[in-house]
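>>> Here's my sequence, what's the structure:
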Amino acid sequence: MEESLKFYTTVLGMVIAEPLQKTLPTKGSVVTLKSPNSDQLLELNHYEDDSPFNAPYSNGEDLDHLSFDVQDLEATVKELKRQGVEVLVEPYAIGKEFGWAEAYVKDPNGIWIELLQRK
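Below you'll find the model as predicted:
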C-alpha cells in the first residue's frame, strides 16, 4: 500500500481525499485519492495475505488498466521516465488514427496506466 500510495500521490500528483483506514474484518486497508481539478476518485485497497479477499493480480484478467487525461503527453512521459517509471507504450505509438494520443506506463504493482491526451 505504501509503495502504491507514494506512486499515485508523488509521481501522478493525486491527493488523499479520504485517509488510509485499516479494515479489520477484511484484514485490509483502504485509501481514497483524487486528481486535482477533478471529481473522479480512485480507491486503493490492500489485503493481507491471510485475508479472504486477497487474490493475486493478473494483468488483463481482472483490472485491465486505469486511464488519466494529460495536457501534454510527451512532457508527462518524459517526466515519468525521469522518475524511474516503466514506459510500456511510447507516446503516439497508438491512438493517433482516432484523434488522440496515448501512452502506457506501469504502476508499482504492474497495473497499466493509460495517459491520454485528447485532441
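
>>> in the longest helix along the chain, what's buried?
For the chain, the longest helix by residue count, based on DSSP state H, is helix 73-82. By 16 or more other CB atoms under 10 Å, the buried positions in helix 73-82 come out as 73, 76-77, 80. No exception for glycine: its C-beta is placed from N, CA and C like everyone else's.

>>> helices and strands around that helix, which ones?
strand 87-94, strand 100-106, strand 112-118 (3 or more CB pairs under 8 Å, 6 or more residues apart in numbering; DSSP states H and E).

>>> quick one: the last one to strand 87-94, angle?
With axes from the mean of the first three to the mean of the last three CA atoms, to 10 degrees defining the directions, strand 112-118 sits at 30 degrees from strand 87-94.

>>> Show the backbone phi and psi for the residue in the chain sticking out farthest from the centre.
Going by CA atoms, centre = their mean, the residue of the chain most distant from its centre is Pro25, 26.1 Å out. In terms of degrees, to the nearest 10, the main-chain angles of Pro25 are phi -60, psi -30.

>>> check contacts around the closest residue to Leu116 other than its chain neighbours.
Sequence neighbours aside, Glu102 is the residue nearest to Leu116 in space, at 4.9 Å (criterion: CB to CB, 6 or more residues apart in numbering). Residues in contact with Glu102 (CB atoms under 8 Å, 6 or more residues apart in numbering) are 73, 89, 91, 94-95, 114-117.

>>> In its sheet, which strands sit next to the helix or strand of the chain with the lowest mean pLDDT, and in what direction?
Within the chain, no helix or strand scores below strand 87-94, which has a mean of 87 by mean pLDDT, DSSP states H and E. Note on strand 87-94: by DSSP bridges, its sheet partners are strand 100-106 (antiparallel).

>>> ok, back up a step: which one, of the helices and strands packed on helix 73-82, ends up nearest to Gln21?
Among the helices and strands packed on helix 73-82, strand 112-118 comes nearest to Gln21, with 24.1 Å by CB to CB.

>>> Pull up the pairing partners for the closest one, direction included.
Here strand 112-118 is paired, per DSSP bridges, with strand 65-69 (parallel), strand 100-106 (antiparallel).

>>> the inter-axis angle of the last one versus helix 73-82?
Angle, strand 100-106 to helix 73-82, by the same axes, to 10 degrees: 10 degrees.
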